[in-house]
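Colleague: Pasting a predicted model and its sequence here:
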Amino acid sequence: MSHTIQIKAWLESLRLRTLPLALASIFTGSALAAWQGFFRWDISMMTLLTAGLLQILSNLANDYGDYIKGSDTSERLGPNRGMQKGLINQQQMKKALLVTITLTLISGVILIILACKKPIDIVVFLLLGLLAIIAAITYTVGKKPYGYIGLGDISVLIFFGWLSIGGSYYLQANGFNSAIILPATACGLLSTAVLNINNLRDIEQDRDNGKNTLAVRLGPIWARRYHCLLLAIAFLCFFIFTLHYMKSWQSWLFILITPLLYRHAKYVLNNISAIAMKPMLENMVKIALFTNLLFSVGIILS
């Protein structure tokens with residue numbers, strides 16, 4: 001096997017295209033910290049690095065877990081991964097997971113040293129970091145992975161919303177502001193919508209392989225209605241926050257995403273085949289990313 005093919009296989013398993021969305025929530029949390037006058041470059045950069053490593057860990061673990069359980073088959077509509085193609089074996093993936101866990105721990109400890117001033121904060125963020133690592137792995141790995149019983153959505157809301165936004169804000173401000181719950185919830189719901197589109201695309205194969213995602217449990221019709229509800233509540237959270245806390249017109253930049261949101265929701269509702277969701281995954285990622293960025297830039301400009 002050539003080195004080029006091997007490298008390509010690893011890049012497919014790393015799923016680097018998922019990183020911008022994972023990092024966008026940290027950017028939003030940092031923008032909120034800047035809004036309150038607490039922004040710190042060093043902590044923001046280390047938070048971005050730690051979040052990126054956690055996302056890569058989740059991607060590798062997902063590749064490993066789905067392969068072991070036989071969920072990644074030739075019928076899968078999504079892109080093939082390294083293990084599925086037979087280009088990466090189990091031992092190689094286990095080593096990659098251990099290396100990524102080690103790097104994540106190192107990055108997380110440095111972040112805590114830089115940011116945490118109180119002993120209780122050190123303990124809490126160490127525990128949260130370990131919890132995030134465990135959650136990244138056990139989504140598809142283990143005897144009872146929570147991704148296989150329909151709990152992936154709530155996990156994404158927690159880790160990509162409340163903890164990503166709230167954590168990055170707290171680490172810079174050394175305190176919490178209840179106002180950030182609204183944008184944190186919005187960011188988490190948009191990330192959950194990305195996962196839901198992914199699950200709608202794979203709903204038939206997941207059902208056949210015993211992967212009971214929330215989309216499988218709800219069925220194709222109600223899962224689409226649930227998807228639109230996620231988008232509506234996320235937009236409403238941004239709207240209420242901006243209306244209540246912001247004063248300048250620049251803070252309303254996120255409104256520009258409304259036409260894209262509407263077209264996306266309409267397409268998802270009107271197309272009930274699994275294969276029709278294939279182009280919608282990238283579309284949803286872009287919508288979530290641009291919404292976060294527009295909201296964050298609006299806060300900074302105002």
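Modeller: Thanks, I have the structure now.
Colleague: going forward, measure contacts between C-alpha atoms and count neighbours the same way
Modeller: Fine.
Colleague: Does residue 15 touch residue 59 like I think?
Modeller: Yes: with contact defined as C-alpha atoms under 8 Å, residue 15 reaches residue 59; the gap is 6.5 Å.
Colleague: For the two, indicate the residue with more neighbours.
Modeller: Applying other C-alpha atoms under 10 Å to residue 15 and residue 59 shows that residue 59 carries more neighbours, namely 23 against 16.
Colleague: Tell me where the model's unsure across this structure.
Modeller: The chain contains residues with pLDDT under 70 at 1-3, 6, 70-87.
Colleague: all helices of it, in order?
Modeller: 3-14, 19-35, 41-68, 90-115, 119-138, 152-157, 163-173, 181-201, 203-208, 214-245, 258-270, 278-301 (DSSP state H).
Colleague: Save those helices as JSON lines, and put in distance to residue 252 too.
Modeller: Below are the helices of the chain laid out as JSON lines (distance: least, C-alpha to C-alpha, whole Å):
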{"stretch": "helix 3-14", "distance to residue 252": "35"}
{"stretch": "helix 19-35", "distance to residue 252": "15"}
{"stretch": "helix 41-68", "distance to residue 252": "24"}
{"stretch": "helix 90-115", "distance to residue 252": "31"}
{"stretch": "helix 119-138", "distance to residue 252": "32"}
{"stretch": "helix 152-157", "distance to residue 252": "23"}
{"stretch": "helix 163-173", "distance to residue 252": "19"}
{"stretch": "helix 181-201", "distance to residue 252": "13"}
{"stretch": "helix 203-208", "distance to residue 252": "36"}
{"stretch": "helix 214-245", "distance to residue 252": "7"}
{"stretch": "helix 258-270", "distance to residue 252": "11"}
{"stretch": "helix 278-301", "distance to residue 252": "6"}
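Colleague: got a list of what residue 212 touches?
Modeller: Contacts here follow C-alpha atoms under 8 Å, 6 or more residues apart in numbering; on that basis residue 212 touches 147, 148, 149, 150, 206.
Colleague: Could you give the number of residues near the third one?
Modeller: For residue 149, the neighbour count with other C-alpha under 10 Å is 16.
Colleague: If we ignore the residues flanking it in sequence, what's nearest it?
Modeller: Sequence neighbours aside, residue 212 is the residue nearest to residue 149 in space, at 5.1 Å (criterion: C-alpha to C-alpha, 6 or more residues apart in numbering).
Colleague: same check, this time on the first one
Modeller: What sits nearest to residue 147 in space, not counting adjacent residues and going by C-alpha to C-alpha, 6+ apart, is residue 139, at 4.8 Å.
Colleague: I figured the one you found hits residue 149, correct?
Modeller: No: if you go by C-alpha under 8 Å, residue 139 and residue 149 don't touch, sitting 9.7 Å apart.
Colleague: and the gap between residue 247 and residue 175?
Modeller: Distance of residue 247 to residue 175, computed by C-alpha to C-alpha, to the nearest Å: 23 Å.
Colleague: do the same with residue 94
Modeller: According to C-alpha to C-alpha, residue 94 and residue 175 sit 38 Å apart.
Colleague: Common neighbours of residue 15 and residue 59, please.
Modeller: Common contacts of residue 15 and residue 59 (C-alpha under 8 Å, 6+ apart): none found.
Colleague: Phi first, then psi, for the nearest residue to residue 221 once chain neighbours are set aside.
Modeller: Of all residues not flanking residue 221 in the chain, residue 272 sits nearest, at 7.1 Å (C-alpha to C-alpha, 6+ apart). Phi and psi for residue 272, reported as degrees, to the nearest 10, are phi -100, psi 0.
Colleague: Burial check on residue 123, number of neighbours?
Modeller: Look at residue 123: counted by other C-alpha under 10 Å, it has 13 neighbours.
Colleague: residues contacting it?
Modeller: Residue 123 neighbours (C-alpha under 8 Å, 6+ apart): none.
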